[in-house]
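>>> Sequence plus predicted model, see below.
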Amino acid sequence: MSTGSISRPGRFHEVGFYRSDDEFRALIVPFVEEGVAAGQPVIIGYDDRKASLLRSWLHKPAAVTFIAGTSLYATPARAIASYWKMFEQHTAAGATQIRIAGDVPHEGNGGRFAGWDRYESAVNTVWDQFPVWSRCLYDVTTAAPRVLDIARRTHPRIVLPSGQFQDNECYQDHRDFQPLPSDPDPLEGSAPALEVTDPSAAQVRRAITSIGYGQVPDAVLEELEVGATEAVNNARLHGRPPVTARIWAASGRILVEVHDTGPGPGDPLAGLVPALAETGFRGAELWLIHMLDLDTALIRSPDGFTVRLAAGQAA
Amino acid sequence: MLPTREVGLIPTIKYALTVNGMAVVTAPEEIDVTTAEQLRMALLEAGSHGHATVVVDMTDTQFCDSAGLGVLIRAHRRALGEGGELRLVLPAEGAVVRVLTLTRLDRLIPSFGSLDQALASVSASAAAPPPVPAAEVMLQASVEAGESGPVIVLAGEADQSCAERLGELIAGQLAGGTRQMTIDVSGLRFADSASVRTLVLAAKTLTERGGSLVLLDPQQPVARVLALLGADKMITIGEKTPTVQRLEHGEPRS
């Protein structure tokens, strides 16, 4: 165990576990206050309850950037991109250390954890160009065991309520990280409304529109059209034929799967790293999919790779 | 004026048997539960005569309820299944246009400002013998000379399958050394990352020449993809004319 010098600038992704508001306070307040005292940008992405609790504990809450609402953590790729934009602005303004703390959605705080396991792993490298110190605090009284298991495997070090640090022996490098298996979607149990081999993206778009019409709002169908098009593009450009598209729709939910027989992307960060115009769009297909308002899962199996997109009423 | 004949027992719905190989059905002034069934039968009959594409003239239609919308969407799906489509002729404004816009049916079913326009537009694809593969007619492009450089007009859907063709078209215009290019995308319903990549490449070339690429009136789904990919930082987004004026010129609305 080491007590680490707290104000040394650098890149850290650390986790803390708490059982009470007192422990939460001990884990978050010094982190924020020291950042503020050093003139460092501090960005907090908590829900309203935790944000107001933290505000009440701080000497100068106005010096801290609180991101309200759920937009910041809408999808893992959007969270990475939103923080990215803030980091660019702060470093351009001369910041040499940026501190962030936020809650990824999980069932214990009213969200869905699916996909956030990959986020927690990706954060170890995806912001490498920025001096980011990220402290992730989990409430062990509400987080499910599998969420805590992911938290333990994705943070190189653990911070204790005493302020001390522990090297995390459970940590898995992002290349070795084993994400959670995707839960099956209930619609997958029934026969798909459409199954088509080697379709054009346009055919899949037409099918989504006619099968999904009336099941979900049209804006959601538009999201699915974009997502399915990129999934077909990705399968054709990087996958192995044949490519199969399947569509299900029932009870206000729609599910689209695009499968190819290749092994899937080798990069564990695929879809999470911003593929913007200025960076030449490398990996733009999967990244665009992850930016949409859809439940997205990348599923590797012995028979190939599947991009699964779902929208509408919760499964 | 087109020859019309009245269909069976449905006096209010007229059906011109063939125009350029397409059926034209004139919709009643009011489409509600009492007339929706008549419209359904007229559309069925039009389709059953081997005309995959059916033009529904709604110029004089003042009201259309959900039963009517259901009839239209089902007829459109049936027509798509046979390699054709439904085409709506709509007035520039009014309750029907509002309902179709609100329900976004106008994005699903191609719509036009005049009967002539609908027929002219259909003849290119639907008059061709067997159903034309979607990819080949998906993107329509034309080039006009503008005041400050070429204006490319795109309509339909742009994705990976036609990105190469789009790239060649743009490269052909860039070859002239132009510094300024405008692409009217108001008729473009869909663009994917491959086509946005093509546009960004053109924008880079034009920027290096000290000019710019201007996209006119992207529809919401296209604007969203441009923004998500950060392309709106490298391409100037401009406005053309209000929708109503476009309709008066008989361009597709969707």
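Sure, I can see it.
>>> From here on, just use CA atoms for contacts and neighbour counts.
Will do.
>>> where's the residue nearest to residue A:73 when sequence neighbours are not counted relative to residue A:13, distance?
The shortest distance from residue A:73 to any non-neighbouring residue, by C-alpha to C-alpha, 6 or more residues apart in numbering or on different chains, is to residue A:79 (5.1 Å). For residue A:79, the distance to residue A:13 (C-alpha to C-alpha, to the nearest Å) stands at 15 Å.
>>> These two: who's more crowded?
Neighbours per residue (other C-alpha atoms under 10 Å in any protein chain shown) separate residue A:79 from residue A:13, with residue A:13 holding more: 21 against 18.
>>> Show me the shaky parts of the stretch 151-300 of chain A.
Across the stretch 151-300 of chain A, the ranges flagged by pLDDT under 70 are A:277-279.
>>> For it, list the residues in contact with chain B, please.
By C-alpha under 8 Å from any C-alpha of the partner chain, the residues of the stretch 151-300 of chain A that approach chain B are A:200-203, A:209-210, A:218, A:222, A:226, A:229-230, A:233, A:275-278, A:281, A:284-285, A:288, A:291.
>>> For the helix or strand where residue B:96 lies, which residues meet the burial criterion?
Assigned by DSSP states H and E, residue B:96 belongs to helix B:95-102. Using 16 or more other C-alpha atoms under 10 Å in any protein chain shown as the burial criterion, the residues of helix B:95-102 that qualify are B:96-97, B:99-100.
>>> Show me the beta-bridge partners of residue B:141.
Following DSSP bridges, residue B:141 is listed with bridge partners residue B:154.
>>> Look up how far chain A lies from it.
The gap separating residue B:141 from chain A is 17 Å, by C-alpha to the nearest C-alpha, to the nearest Å.
>>> dump the residue contacts of that residue.
The contact partners of residue B:141, by C-alpha atoms under 8 Å, 6 or more residues apart in numbering or on different chains, come to B:152-155.
>>> On the three-state scheme, residue B:56 is what?
Taking DSSP: H, G, I helix; E, B strand; the rest coil as the rule, one finds residue B:56 in the strand state.
>>> Residue B:203: neighbouring residues, count only.
Neighbour tally, residue B:203, other C-alpha under 10 Å: 23.
>>> quick one: buried residues of the helix or strand encompassing it?
Using DSSP H and E, residue B:203 sits within helix B:193-208. Judged by neighbour count using 16+ other C-alpha under 10 Å, the buried positions of helix B:193-208 are B:193-207.
>>> tell me which parts of the stretch 51-200 of chain B are close to chain A?
So the stretch 51-200 of chain B meets chain A at B:77, B:103-104, B:108, B:134-135, B:159-161, B:192-193, B:197, B:200 (C-alpha under 8 Å from any C-alpha).
>>> again, only using 6 Å
By C-alpha under 6 Å from any C-alpha of the partner chain, no part of the stretch 51-200 of chain B sits against chain A.
>>> residue boundaries of the strands in the stretch 51-200 of chain B?
B:54-57, B:63-64, B:86-89, B:111-112, B:139-146, B:149-158, B:180-191 (DSSP state E, counting those that start in this stretch).
>>> if we can go back for a sec, for the contacts of residue B:141, work out which two are farthest apart.
Farthest pair in these (C-alpha to C-alpha) is B:152 and B:155. Separation: 10.0 Å.
>>> And chain B, what are its domain boundaries?
B:5-126, B:135-248 (automatic domain parsing).
>>> For these, could you give me CSV that also reports mean pLDDT?
Listed next are these as CSV, based on pLDDT from 0 to 100:
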stretch, mean pLDDT
domain B:5-126, 76
domain B:135-248, 87
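>>> Can you tell me which of the buried residues of helix B:95-102 is closest to residue A:237?
residue B:100 (37.0 Å).
>>> how close does the closest residue to that closest one other than its chain neighbours get to residue A:143?
Using C-alpha to C-alpha, 6+ apart and skipping residues adjacent in sequence, the residue nearest residue B:100 is residue B:106, 5.4 Å away. The spacing between residue B:106 and residue A:143, counted by C-alpha to C-alpha, is 46 Å.
>>> Check residue B:215 too.
Separation of residue B:215 from residue A:143 (C-alpha to C-alpha): 47 Å.
>>> Just want to know which of those two has more residues nearby.
residue B:215 (24 against 17).
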